[in-house]
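> one predicted model, sequence on top.
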Amino acid sequence: MRTMQTRLLSTAAAMVVASSAVAQDAMTLDQKVNETFASLTGPFVNLIFAPFPGTAFPWIVMWLVVAATIFTLYFGFVQFRFFGHSIALVKGDYSDPDDAGEVSHFQALATALSGTVGLGNIAGVAVAVGIGGPGATFWMILAGLLGMASKFTECTLGVKYRNEYPDGTVSGGPMYYISKGFSELGLPGGKFLAVLFSVFCILGALGGGNMFQANQAHAQISGIVGDYPGWITGIVFAAVVFLVIVGGVKSIARVTEKVVPFMGILYVGAALVIILVNYDKIGWAFGQIFAGAFTGLGVAGGMVGALIQGFKRAAFSNEAGVGSAAIAHSAVRTKEPITEGFVSLLEPLIDTVVICTMTALVITISGQLVSDPATGKYLLDGGHIATVDGNTGVALTSAAFGSAIGWFPYVLAVAVILFAFSTMISWSYYGLKAWTYLFGEGKTTELVFKLIFCAFVVIGAAASLGPVIDFSDAAIFAMAVVNIFALYFLMKIVRKELASYSERLASGEIRKFSH
Amino acid sequence: MTTKLVVGLDGLSSGERALDYACSLARLIGDCELVVVYIIEWSPYSFQTPEENAERHKRREEEISTAKKRVVEPAVEGLAKAGLTARGVVRHGNVADTLNAISQELGADQIVVARSRESSLSRRIFGSSTANLVMEATIPVTVVG
């Protein structure tokens, strides 16, 4: 059975590699890749984004927001009540000095953030604002604040039910808490849901965690050096990813992990400079955000259009409820799983409420979106708002920053490439964990996944934005379907932990270590 | 009352010099306990990949056992052979801060370290561990040249 499985896997990988090799020979190939890809993924995308009958509102967006709202209420606004405590945990106030040298709360948060802060914040927001108008920002912020509770729930469970192996390594994530948690509660179907989650997680890793990143990195590079075929970028990226995940060249990953946070700070810094220089427009920009949130300001789909875009991009950017962060956070060393839940709730705040909002403000202030001076409403160009140079996605963000700081698009290009790369490395790990959950741990099975992952980098860079972004969203949201469904059953476990922890915190049993 | 001396080792010849000096100091004092400390440089605020995080616990155990085997245990054995009371401690952290914290925890009377041998570039930027210890320590520090 095992050998057959391995053989099947190797054949599948060989086919993927071969098909991308064949694709490289034909020169009209970006087009071909694009068409095949769109037709293959179409049905899956349509299912995930199916609207409620008679409306244009995709059920999946409602699914995420309703879940985030339920978790927020169920845990009594945990994201606000324990906000100060979260900061204290990250600072290490509650870390036992005897655990020095283990993964700290700060490190777990930073690692998870480098998986989420990336193109979603730069390109994704541009897509949201480009389609839904500035009003999408309001809904994005709201979804970010609510999403903090979803993140809290899943990351607490991620640590509580992780696997600790005899050699000292750990594996955690929704597949583990779903199967273990369900059997602990005596519920059937845990194993099935865990397998289903793993399948979607692999697709999400290949989609949002890989193809979308490669695609937008290519868009950014070709925006600067001129248009050239996407597969070239794809091959180069795939080669570097290959060196890191297959070749074990850790130095590249290490350098990226160190540079990415500084790029993040630089990005927010530049956005702040642009916003402050245009301080006279801040009030106006927020006016646009609030007015647009409820009226749509002429955007396609009106208020609902803005809301859908805002919610969608927030979920795609901070991944709250998706389950990916639970994999990243589960490596922390703590006696109290819930402490990692508190720490993880800062993630949507930093990612969405701070960084995404910065991008949205810069795009709005820069005046890249074309509006009708007579009515104040935005002019539409196809399905999205007309922009000064017809830019969409990451090119729109780049143009917005470039209109204020001429040389910034070059810095942004480097940032985008690094963000894309670090997100790919993170997601290759998430995907691998799901893959090994399904097929067992072992050198050959791991290698097969890693090769498939590299092949998808090339496909992602060659395809056009539309189908890639649709598939990426669909795959990541499919993870959320399974994860949130399971969280509804498991949330009472988290509530018990929360009650016991708050009691001990209040009684002084849990207290700060003096450092 | 037993006098407690904390000796900071770095696994290099400079650490040996500190150990030799502490040894002769202990003989002069008489009723004296030596605590041999090795700090593995580590920061809880560094950035790591998910894979590094997953393997961190394993790596930490390996780092501690290597440090014990190569540096601390031979030193403690040597001191015991010389007829002195000694024990070893290995911990992760910032060298200066952690050495001081351990000394405080143990109620040590003095810290003995040797001049550190960090490269001139990193010393220019961050200052040497020894210099930082001298500036921050809450108990007397002896620096062996």
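That came through, no problem.
> can you show me the strands along chain B?
For chain B, the strands defined by DSSP state E cover B:3-9, B:32-41, B:85-93, B:110-114, B:141-144.
> give the other helices and strands that the first one contacts.
Right, strand B:3-9. If contacts are counted by 3 or more Cβ pairs under 8 Å, 6 or more residues apart in numbering or on different chains; DSSP states H and E, strand B:3-9 sits against helix B:13-29, strand B:32-41, helix B:95-106, strand B:110-114. Glycine gets a C-beta too; all of them are placed from N, C-alpha and C.
> state the pLDDT value of the residue in the stretch 201-350 of chain A that chain B sits nearest to.
Residue of the stretch 201-350 of chain A nearest chain B, by Cβ to the nearest Cβ: residue A:331 (3.7 Å). pLDDT, residue A:331: 83.
> for residue A:233, see how far away it is.
With distances taken as Cβ to Cβ, to the nearest Å, residue A:331 is found 32 Å from residue A:233.
> ditto for residue B:67
According to Cβ to Cβ, residue B:67 and residue A:233 sit 45 Å apart.
> how about the residue of the stretch 201-350 of chain A closest to chain B: what's its closest non-neighbour residue?
Among residues not flanking residue A:331 along the chain, residue B:53 sits closest, at 3.7 Å (Cβ to Cβ, 6 or more residues apart in numbering or on different chains).
> give me the pLDDT for residue B:144.
pLDDT, residue B:144: 86.
> surely residue A:76 forms part of a strand?
No. Counting by DSSP: H, G, I helix; E, B strand; the rest coil, residue A:76 is not found in a strand; it is coil.
> report how many residues lie close to it.
Residue A:76 has 13 neighbouring residues, counting by other Cβ atoms under 10 Å in any protein chain shown.
> again, but for the one 4 residues further on
A total of 13 residues lie near residue A:80 under the criterion other Cβ under 10 Å.
> the helix or strand that contains it packs against which elements?
Residue A:80 is located in helix A:78-81, with elements delineated by DSSP states H and E. Contact here means 3+ Cβ pairs under 8 Å, 6+ apart; on that basis helix A:78-81 packs against helix A:135-160.
> which residue is most remote from the mean position of chain A?
Farthest-out residue of chain A from its mean C-alpha position, per Cα atoms, centre = their mean: residue A:374, at 38.7 Å.
> that one belongs to a helix?
No. Looking at residue A:374 with three-state DSSP, it is coil, so not inside a helix.
> what is the burial count for the spatially closest residue to residue A:366 that is not a sequence neighbour?
Nearest residue to residue A:366 in three dimensions, chain neighbours excluded: residue A:400, at 3.8 Å (Cβ to Cβ, 6+ apart). Applying other Cβ under 10 Å, we find 30 residues neighbouring residue A:400.
> what strand or helix carries residue A:400?
Counting by DSSP H and E, the element that carries residue A:400 is helix A:393-404.
> show me the contact partners of that helix.
Residues outside helix A:393-404 that contact it (Cβ atoms under 8 Å, 6 or more residues apart in numbering or on different chains): A:119, A:122-123, A:125-127, A:129-130, A:216, A:219-220, A:223, A:270-271, A:273-274, A:277-278, A:359, A:362-363, A:365-368, A:387-389, A:391, A:408-409, A:412-413, A:416, A:465, A:469.
> tell me how many other residues surround residue 106.
As the question left the chain open, I've gone with chain A. 20.
> can you look at chain B instead?
15.
> and it, how far from residue A:100?
Residue B:106 is 16 Å from residue A:100, where distance means Cβ to Cβ.
> again with residue A:226
Distance from residue A:226 to residue A:100, by Cβ to Cβ: 51 Å.
> ok, residue A:452 next?
Counting by Cβ to Cβ, the gap between residue A:452 and residue A:100 amounts to 39 Å.
> for residue A:425, give me its contacts.
Contacts of residue A:425 by Cβ under 8 Å, 6+ apart are A:241, A:244, A:245, A:253, A:256, B:49, B:50.
> recalculate using a threshold of 10 Å.
Residue A:425 makes contact with A:114-115, A:209, A:240-241, A:244-245, A:252-253, A:256-257, A:260, B:49-51, according to Cβ atoms under 10 Å, 6 or more residues apart in numbering or on different chains.
> looking at those residues, which is nearest residue A:444?
Taking Cβ to Cβ as the measure, residue A:444 lies nearest residue A:245 of the contacts of residue A:425, at 14.9 Å.
> number of residues surrounding residue 77?
With no chain named, the answer covers chain A. Around residue A:77 sit 14 other residues, with neighbours defined as other Cβ under 10 Å.
> please go with chain B instead
The local packing of residue B:77 (other Cβ under 10 Å) involves 12 other residues.
> could you double-check that it sits in contact with residue B:86?
Yes. Between residue B:77 and residue B:86 there is a contact under Cβ atoms under 10 Å: 8.6 Å.
> hmm, back to that, state the distance from the residue of the stretch 201-350 of chain A closest to chain B to residue A:322.
18 Å.
> and the residue of the stretch 401-515 of chain A found nearest chain B, what element?
Ranked by Cβ to the nearest Cβ, the top residue of the stretch 401-515 of chain A for proximity to chain B is residue A:429, at 4.2 Å. Following DSSP H and E, one finds residue A:429 within helix A:408-439.
> on the C-terminal side of the helix or strand of chain A with the lowest mean pLDDT, identify the next helix or strand.
When each helix and strand of chain A is scored by mean pLDDT, DSSP states H and E, helix A:2-25 comes last, with a mean of 47. Downstream of helix A:2-25, the first helix or strand assigned by DSSP H and E is helix A:29-48.
> from the contact counts, what lies against that following helix?
helix A:2-25, helix A:59-74, helix A:190-206, helix A:230-245, helix A:443-462, helix A:465-507 (3 or more Cβ pairs under 10 Å, 6 or more residues apart in numbering or on different chains; DSSP states H and E).
> now distance to chain B too, for those, in TSV please.
Formatted as TSV, those follow (distance: least, Cβ to the nearest Cβ, whole Å):
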stretch	distance to chain B
helix A:2-25	21
helix A:59-74	24
helix A:190-206	12
helix A:230-245	9
helix A:443-462	11
helix A:465-507	16
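> need those helices in TSV (columns: mean neighbour count).
As requested, the helices and strands packed on helix A:29-48 are exported to TSV (neighbours: other Cβ atoms under 10 Å in any protein chain shown):
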stretch	mean neighbour count
helix A:2-25	14
helix A:59-74	19
helix A:190-206	23
helix A:230-245	21
helix A:443-462	23
helix A:465-507	20
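> can I get the ones you listed in JSON lines including distance to residue A:138?
Converted to JSON lines, those look like this (distance: least, Cβ to Cβ, whole Å):
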{"stretch": "helix A:2-25", "distance to residue A:138": "41"}
{"stretch": "helix A:59-74", "distance to residue A:138": "13"}
{"stretch": "helix A:190-206", "distance to residue A:138": "27"}
{"stretch": "helix A:230-245", "distance to residue A:138": "34"}
{"stretch": "helix A:443-462", "distance to residue A:138": "31"}
{"stretch": "helix A:465-507", "distance to residue A:138": "20"}
